[in-house]
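> here's my sequence, what's the structure:
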Amino acid sequence: MLIKFNFPGEEQHPTTYLKECIHALTNYLVDNVPDRDLVGLRIRNTENVQDKVVGISLSRWDQFKADVVWSVFGNVVQSNTRFALTDRLEVHLDHVRMPAGNGREKTKWRTLDY
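This is a model prediction of the structure:
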């Protein structure tokens, strides 16, 4: 998914605006993910291709919070002087479906003699 943030309104602080955008994006991405699944996130700046990919490792859905994304994203923004709010970002959600139940049925297509 490619995203580009709009400019914040004059009455809104840019940091507050960016934090609200990150929260909304995180909630949107994991909206339909089952609780038992694992999710991770990769963010890449398409304007400055020399920048490294920002990643959040796989974790359970219930541990994948917008505050974690904000923390990682905030550290990158502070350390990278070339990043601008108007840059286009490529966002990848890594989703690993975890199996439900005990696995295969052992008695399927077999008769049980007592």
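
> quick one: low-confidence parts of the protein?
49-51, 77, 79-85, 101-114 (pLDDT under 70).

> leaving out sequence neighbours, find the closest residue to the residue nearest the centre of it.
The residue lying closest to the centre of the chain (C-alpha atoms, centre = their mean) is L41, at 3.7 Å. The spatial neighbour of L41 that comes closest, neighbours along the chain excluded (C-beta to C-beta, 6 or more residues apart in numbering), is I56 at 4.4 Å. No exception for glycine: its C-beta is placed from N, CA and C like everyone else's.

> repeat for S59
Closest to S59 by C-beta to C-beta, 6+ apart is L38, at 6.5 Å.

> next, give phi and psi for the one you found.
phi -100, psi 140 (degrees, to the nearest 10).

> that one is in contact with W61, isn't it?
Yes - counting by C-beta atoms under 8 Å, L38 touches W61, with 7.3 Å between them.

> select the longest helix from this structure.
Identified as the longest helix of the chain according to DSSP state H is helix 14-29.

> residues in contact with it: which ones?
3, 5, 8-9, 39, 41, 64-66, 69-70, 73, 77, 85, 91, 93 (C-beta atoms under 8 Å, 6 or more residues apart in numbering).

> among those, the buried ones, what's the PyMOL command?
Remark: buried members of these, expressed as a PyMOL selection using 16 or more other C-beta atoms under 10 Å:
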select buried, resi 5+8+39+41+64+66+69+70+73+93
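
> check which helices and strands the helix or strand following the longest helix of the chain is in contact with.
Using DSSP states H and E, the helix or strand that follows helix 14-29 in sequence is strand 38-45. Where contact means 3 or more C-beta pairs under 8 Å, 6 or more residues apart in numbering; DSSP states H and E, strand 38-45 is packed against helix 14-29, strand 54-60, strand 88-96.
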